[in-house]
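Undergrad: Got a predicted model here, sequence first, then my questions.
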Amino acid sequence: MGELAPCDDLALARRLLEAYAPYDDAQARARAEMLAFVDAHPADAHRRTCAPGHLTASALVLDHAGERGLLTFHRKLGRWLQLGGHCDGDANLPHVALRECREESGIDALELLGGIVDLDVHEIPARPGEPAHLHLDSRFLVRAAPGAAAVRNHESLALRWFTPRELEAVDTDDSVRRLFRLAFGSASGR
């Protein structure tokens, strides 16, 4: 993965995506779509100014015991999601995920648990002043230090730790349930 420091060079994001080993056909298609997107937008795929879409990075933050995952009730999208966000010119995807998790959770002591675990390409609906566009998201797992307390920021209406069983009753999307399955095993996130 290299160092966890910002890097403007999209070649790094491309190498990280190439190194990801898809676990099924859908992941292979997402990886191919993301690589093609980087190739089609070699100067700005990691910048919000790329109007058709842009690379993003996110992570499911796990409590230190590995029993719960932290989700945010996203202010703009109105649903429970993992933490993460825009690259803003940083092609070091794990660095972006870690940076966004720190900003959105208020937890500084976070440990990245390996490389990309999942990819997701999804459309962000149009809003005033912003057309619909794609988020091409690389997803990671991160572990919080013992006793870490999450503090929401302005992007969130709420932060909450969920066990896999508690997630069953939550209004979220299949990609969040998929992250829970990857983090906690196949029985979670039904």
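TA: Received it, and whenever you're ready, just let me know what you need.

Undergrad: from here on, contacts and neighbour counts on C-alpha atoms
TA: Noted.

Undergrad: Leu83: how many residues sit nearby?
TA: 27 (other Cα atoms under 10 Å).

Undergrad: Can you give me the pLDDT of it?
TA: Looking at Leu83, its pLDDT stands at 97.

Undergrad: which strand in this structure runs the most residues?
TA: strand 133-144 (DSSP state E).

Undergrad: Just list what that one packs against, helices and strands only.
TA: strand 53-62, helix 93-105, strand 110-112, strand 118-124 (3 or more Cα pairs under 8 Å, 6 or more residues apart in numbering; DSSP states H and E).

Undergrad: Buried residues in the last one, which are they?
TA: Read that as strand 118-124. For strand 118-124, burial by neighbour count (16 or more other Cα atoms under 10 Å) applies to 118-121.

Undergrad: one step back: pLDDT averaged over the longest strand of the chain, what's the number?
TA: On average, strand 133-144 scores 98.

Undergrad: ditto for stretch 39-56
TA: Rounded mean pLDDT across stretch 39-56 is 97.

Undergrad: In this protein, which residue is most central in space?
TA: Geometric centre of the chain, nearest residue: Ser58, 1.7 Å, by Cα atoms, centre = their mean.

Undergrad: which one is that one nearest to, not counting chain neighbours?
TA: Once flanking residues are discounted, Ser58 sits nearest to Gly84: 3.7 Å by Cα to Cα, 6 or more residues apart in numbering.

Undergrad: quick check, that neighbour in a helix?
TA: No: counting by DSSP: H, G, I helix; E, B strand; the rest coil, Gly84 is not found in a helix; it is strand.

Undergrad: ok so, going back, from Ala40, how far out is the residue nearest to the centre of the chain?
TA: 23 Å (Cα to Cα, to the nearest Å).

Undergrad: got it, and Glu155?
TA: 30 Å.

Undergrad: neighbour count winner among the two?
TA: Shown here are Glu155 and Ala40; by other Cα under 10 Å, Glu155 has more neighbours (14 against 11).

Undergrad: which ones are touching the more buried one?
TA: When contacts are counted by Cα atoms under 8 Å, 6 or more residues apart in numbering, Glu155 touches 74-76, 104.

Undergrad: so which of these is the most crowded?
TA: Glu104 (23 neighbours).

Undergrad: pLDDT wise, what is that residue at?
TA: 95.

Undergrad: pretty sure it contacts Arg152?
TA: Yes: judged on Cα atoms under 8 Å, Glu104 makes contact with Arg152 at a distance of 6.1 Å.

Undergrad: returning to that earlier point: now the residue nearest to the centre of the chain: how far from His95?
TA: Using Cα to Cα, Ser58 is found at 10 Å from His95.

Undergrad: cool, Thr72 as well?
TA: Distance, Thr72 to His95, by Cα to Cα: 19 Å.
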